[in-house]
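Q: sequence? don't have it. structure:
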């Protein structure tokens, strides 16, 4: 081997060593630094609607689970162009604002939590349709997109629901809502959120730098519509100041959700918290506020209006001190 060949060989070895060193340093740097990939903003369910994300960028509440860097999956109706039936892959939870017309506004605000088995959100029949109905009767609606599996319904999604209530309370003046008349209406798995937050709430952190975190997450009332939860949770310890509840379900036609609802109602009765229950003879599961071909279950929205009026919450905002 001549000297030139030897020098060339040494140079190649040194270059390889240098490249390995650079690559190792880069890998260490990459593993040491948190990702800066942003969570994508959710798109409106209705054109022009305002969507407010629940957690600020960089919040520890946001988690980078699989799919976090992908947009929400939107499923539209084949028969109603532009109508969003459901949403999947929720990683950046939000509320969509649907304010009651000023001439009808009662000051009541409701977080609307669609169902979908914690794998999707039925944002049409249990979201935008519900918001339109509530607006017609003078109630402002805030459609919640809480996180779904693999996130936990009793952890991440519950935190989203608590934050939704805090968010509306923090913006009560701006959104023409009475901070003492903010409730939640949950459908199916969204009813799980309505039940959970009715049992798990706090008065907020008055010392928090975040003005939203200073607000209470206690709902002033809770509404469970054919609610159910896949895993039982503890109903033996109901807070003394748990909110009044309205529950409705379709009896033996929706046996699973009926038994879950009855468990919730019995817990409220045992805790001596006001609760109203409407169990219908038949009607099946789902379908929000559809009239259901005139059967009694199709009238549950009327019963809700009677109930919330009886609570004294439907008076115009100016009429309540």
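A: It's in. These numbers were taken from a predicted model, which means no experiment stands behind them. Residues are numbered from 1 along each chain as shown.
Q: tell me the SS of residue 219?
A: coil (DSSP: H, G, I helix; E, B strand; the rest coil).
Q: Roughly how far does it sit from residue 87?
A: 23 Å (C-beta to C-beta, to the nearest Å). C-beta: built from backbone N, CA, C; applies to glycine.
Q: what about residue 161, neighbour count?
A: 29 (other C-beta atoms under 10 Å).
Q: can you check the one 5 residues further on too?
A: Summarising burial for residue 166: neighbours were counted as other C-beta under 10 Å, giving 25.
Q: show me what contacts residue 304?
A: By C-beta atoms under 8 Å, 6 or more residues apart in numbering, the contact list for residue 304 reads 223, 246, 248.
Q: would a markdown table of these with distance to residue 102 and neighbour count be doable?
A: Output for the contacts of residue 304, formatted as a markdown table (distance: C-beta to C-beta, whole Å; neighbours: other C-beta atoms under 10 Å):
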| residue | distance to residue 102 | neighbour count |
| --- | --- | --- |
| 223 | 24 | 28 |
| 246 | 26 | 24 |
| 248 | 30 | 24 |
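Q: Including pLDDT, could those residues go into CSV?
A: What follows is the contacts of residue 304, written out as CSV (pLDDT from 0 to 100):
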residue, pLDDT
223, 98
246, 98
248, 98
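Q: Looking at the residues you listed, which are in strands?
A: 223, 246, 248 (DSSP state E).
Q: Now the element after whichever strand or helix holds residue 255, going C-ward?
A: Element membership for residue 255, per DSSP states H and E: helix 255-270. Following helix 255-270 in sequence order, the next helix or strand is strand 275-279 (DSSP H and E).
Q: hmm, back to that, possible to save the contacts of residue 304 as TSV with distance to residue 294?
A: Formatted as TSV, the contacts of residue 304 follow (distance: C-beta to C-beta, whole Å):
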residue	distance to residue 294
223	23
246	22
248	17
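Q: contacting residues for residue 114?
A: With the criterion set at C-beta under 8 Å, 6+ apart, residue 114 makes contact with 121-123, 126-127, 143-144, 187, 190.
Q: can we see that at 10 Å?
A: If you count contacts by C-beta atoms under 10 Å, 6 or more residues apart in numbering, residue 114 has them with 45, 86-87, 120-130, 143-146, 185-190, 193, 288.
Q: what about the closest residue to residue 178 other than its chain neighbours, distance to residue 169?
A: Counting by C-beta to C-beta, 6 or more residues apart in numbering, residue 178 lies nearest to residue 107, which is 3.7 Å off, once chain neighbours are set aside. Going from residue 107 to residue 169 by C-beta to C-beta gives 13 Å.
Q: shared neighbours, these two?
A: In contact with both residue 107 and residue 169: 177-180, 182, using C-beta under 10 Å, 6+ apart.
Q: Neighbour-wise, which one of those leads?
A: residue 182 (28 neighbours).
Q: So for the helix holding residue 255, mean pLDDT?
A: Helix 255-270 comes out with an average pLDDT of 97.
Q: Can you give me the buried ones in that helix?
A: 257-258, 260-261, 264-265, 267-268 (16 or more other C-beta atoms under 10 Å).
Q: would CSV of those with distance to residue 311 be doable?
A: Below are the buried residues of helix 255-270 laid out as CSV (distance: C-beta to C-beta, whole Å):
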residue, distance to residue 311
257, 24
258, 24
260, 24
261, 20
264, 18
265, 17
267, 20
268, 14
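Q: For residue 281, state which of these is nearest.
A: residue 258 (11.2 Å; C-beta to C-beta).
Q: how about the closest one, what does it touch?
A: Residue 258 neighbours (C-beta under 10 Å, 6+ apart): 226-228, 247, 249-252, 279-280, 285.
Q: circling back: state the pair within the shared contacts of residue 107 and residue 169 that is farthest apart.
A: Across the shared contacts of residue 107 and residue 169 (C-beta to C-beta), the longest gap, 9.7 Å, separates 177 and 180.
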